[in-house]
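Visitor: Sequence and predicted structure below; questions after.
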Protein chains: 2
Amino acid sequence: MKNVILASTSSLFGEAYLEYLKSEVEILFQGISELIFVPYARPGGISHDEYTHKVAVFFEPIGIKVKGLHRFEDPAHALKNAEAIFTGGGNTFLLVKQLHEQRLMNVLKEVVENGVPYLGTSAGSNIGGLNMQNTNDMPIVYPPTFNTLGLIPFNLNAHYLDPDPNSKHNGETRETRIKEFHVFNKVPVLGLREGSWIRVKGDKITTEGMLPSRIFLPELPPYEIQPRTVCAFETRQNPL
Amino acid sequence: MKNVILASTSSLFGEAYLEYLKSEVEILFQGISELIFVPYARPGGISHDEYTHKVAVFFEPIGIKVKGLHRFEDPAHALKNAEAIFTGGGNTFLLVKQLHEQRLMNVLKEVVENGVPYLGTSAGSNIGGLNMQNTNDMPIVYPPTFNTLGLIPFNLNAHYLDPDPNSKHNGETRETRIKEFHVFNKVPVLGLREGSWIRVKGDKITTEGMLPSRIFLPELPPYEIQPRTVCAFETRQNPL
């Protein structure tokens, strides 16, 4: 049974790392003594070791030991034997490139679908969708494909931002960008605001947290859903 | 002799399309009676015909006829015989995919390097760099490569935005994203604010317009250059 949290962000403004998610993470990882951390997204170019250390500091008081996936000689074997897995945020292009080039994307998918508890934040949540095509990240590396885990039958836009009515900037709003996506793709997109997350338990997918989420379906006006809503959007065949 | 304008944006807040650039465009396209417009970036999913019409309306009072590249049976031939070329903004992934799949990227490069006047705005400026890896756009389609025209020996970040000191959002700033790029790439990046543009005349490259530009070099703190500064950044070999 899938047991997954996909969170918009690791931290809220002015709060410590993962603080707002702590009680949820304790429930997700109940009974776990060790988790595998996937540090490949490297926010701000931080090293794999530094990033893993930051995560270990958070989990130490909860009694969970953290091992970085980059430290294993056989990372596929490590994932297959993991008690729990956490993929941190950073650059989604970099994360997806690494997972595909090391042939770990399908391994990770299989393990999580078989019930190993999974936490993703930001880039680590984006890869929970069907593909990474709604990331906000800069294409700093070229991944061999944009396909991702498909733990949910739609895509996420993490760190979703509403248009600023006072902005004098001419760059596209998030909503415009997602609308452009839907000219070429039929995949539903959920705009996940900071402070909200997706909870997957088996086949049941709900939104959780403090804020409503924004739903984008092709050829339809976007709309809001409140926290604790079941996500059951129809995924139509991608025409491309 | 190269004769190029790469502008951060097509429009400024509250102004008509291309209004702030009009006198510069008249100089760039002096003596031209017809230009080829490349509409492939399709902002907001607008059709190729609609986009071309919008551009034709701007150029009509200047006495320049506009033809959309999508209307030619042999677009490579059309580019090779163009008096002048303008590539509009929109989604850079879409623009780059189309140009590569139609085998037009190298044709466009050759034509512009041979002296055909070229105007780019936003996505149409991003492709003037060595690659599109500093775009802000969403990866709505998968291009066969991120390489672009290389009309200048560095990359552009169009619509460059300074960090908002009052922001409570946790998404990466533009500066952080470019810093992440430089963990894996040695290509210099010029952050081009709205209202500014790059002017190329032969081998001379200058920044122009109202605002300073922000220069990002690997392993160095970013710095500002004023309008009318010659751009002569050293491009080191990309290690990847």
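Guide: Received, thanks. Residues are numbered from 1 along each chain as shown, chains lettered A, B, ... in the order given.

Visitor: what's the residue lying farthest from the centre of chain A in contact with, if anything?
Guide: Computed with Cα atoms, centre = their mean, the residue of chain A farthest from its C-alpha average is residue A:168, at 30.6 Å. Counting by Cβ atoms under 8 Å, 6 or more residues apart in numbering or on different chains, residue A:168 touches B:13, B:14. Quick note: C-beta positions are derived from backbone N, CA and C, even for glycine.

Visitor: doesn't it fall inside a strand?
Guide: No. Read with DSSP: H, G, I helix; E, B strand; the rest coil, residue A:168 is coil and lies in no strand.

Visitor: Need the phi and psi values for it.
Guide: phi -110, psi 10 (degrees, to the nearest 10).

Visitor: any idea how far it lies from residue B:15?
Guide: 11 Å (Cβ to Cβ, to the nearest Å).

Visitor: Let me see the ranges of the strands in chain A.
Guide: A:3-7, A:34-38, A:65-68, A:85-87, A:118-121, A:155-157, A:189-191, A:196-201, A:204-209, A:213-216, A:223-225 (DSSP state E).

Visitor: show me what contacts the nearest residue to residue A:195 once chain neighbours are set aside?
Guide: Closest residue to residue A:195 apart from its sequence neighbours, by Cβ to Cβ, 6 or more residues apart in numbering or on different chains: residue A:210 at 4.4 Å. Residues counted as contacts of residue A:210 (Cβ under 8 Å, 6+ apart) are A:195, A:196, A:227.

Visitor: which residues does residue A:223 bridge with?
Guide: Beta-bridge partners of residue A:223, counted by DSSP bridges, are residue A:215.

Visitor: how near is it to chain B?
Guide: Going from residue A:223 to chain B by Cβ to the nearest Cβ, to the nearest Å gives 19 Å.

Visitor: shouldn't that residue be in contact with residue A:214?
Guide: Yes. With contact defined as Cβ atoms under 8 Å, residue A:223 and residue A:214 form a contacting pair (7.4 Å).

Visitor: Pick out whichever of these two has more residues nearby.
Guide: residue A:214 (20 against 11; other Cβ atoms under 10 Å in any protein chain shown).

Visitor: Now do the contacts for the nearest residue to the more buried one once chain neighbours are set aside.
Guide: Spatially, and ignoring its direct neighbours in sequence, residue A:214 is nearest to residue A:191 (3.7 Å; Cβ to Cβ, 6+ apart). By Cβ under 8 Å, 6+ apart, residue A:191 lies in contact with A:157, A:160, A:174, A:178, A:213, A:214, A:215, A:216, A:222.

Visitor: With pLDDT as added columns, please give those residues in TSV.
Guide: Below are the contacts of residue A:191 laid out as TSV (pLDDT from 0 to 100):
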residue	pLDDT
A:157	96
A:160	94
A:174	92
A:178	96
A:213	96
A:214	96
A:215	96
A:216	96
A:222	94
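
Visitor: Just the pLDDT for residue A:234.
Guide: pLDDT for residue A:234: 60.

Visitor: Residue A:240 now?
Guide: So residue A:240 comes in at 38 (pLDDT).

Visitor: Equivalent analysis for residue A:165, please.
Guide: For residue A:165, pLDDT reads 79.

Visitor: Then residue A:6?
Guide: Looking at residue A:6, the pLDDT reads 98.

Visitor: how near is the residue nearest to it when sequence neighbours are not counted to chain B?
Guide: With Cβ to Cβ, 6+ apart as the criterion, residue A:6 has its nearest non-adjacent residue at 3.7 Å, and that residue is residue A:125. Distance, residue A:125 to chain B, by Cβ to the nearest Cβ: 13 Å.

Visitor: Check residue A:33 too.
Guide: 30 Å.

Visitor: In contact with that residue, which residues?
Guide: Residue A:33 neighbours (Cβ under 8 Å, 6+ apart): A:63, A:64, A:65, A:83.

Visitor: one more time with 10 Å, if that's ok
Guide: A:63, A:64, A:65, A:83, A:84 (Cβ atoms under 10 Å, 6 or more residues apart in numbering or on different chains).

Visitor: likewise residue A:222?
Guide: So residue A:222 contacts A:175, A:178, A:179, A:189, A:191, A:214, A:215, A:216 (Cβ under 10 Å, 6+ apart).

Visitor: ok, and the most crowded of those?
Guide: residue A:189 (29 neighbours).

Visitor: Could I get the CA-only coordinates of stretch A:28-38 as CSV?
Guide: The C-alpha trace of stretch A:28-38 is given here as CSV (Å, rounded to 0.1, in the frame of the first residue of the first chain):
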residue,chain,number,x,y,z
LEU,A,28,4.6,8.6,8.1
PHE,A,29,7.8,7.2,9.4
GLN,A,30,6.4,5.5,12.6
GLY,A,31,8.4,2.5,13.6
ILE,A,32,11.3,3.3,11.2
SER,A,33,14.8,3.3,12.6
GLU,A,34,16.7,4.2,9.4
LEU,A,35,15.9,6.0,6.2
ILE,A,36,17.7,6.5,2.9
PHE,A,37,18.0,10.2,1.8
VAL,A,38,18.3,11.1,-1.9
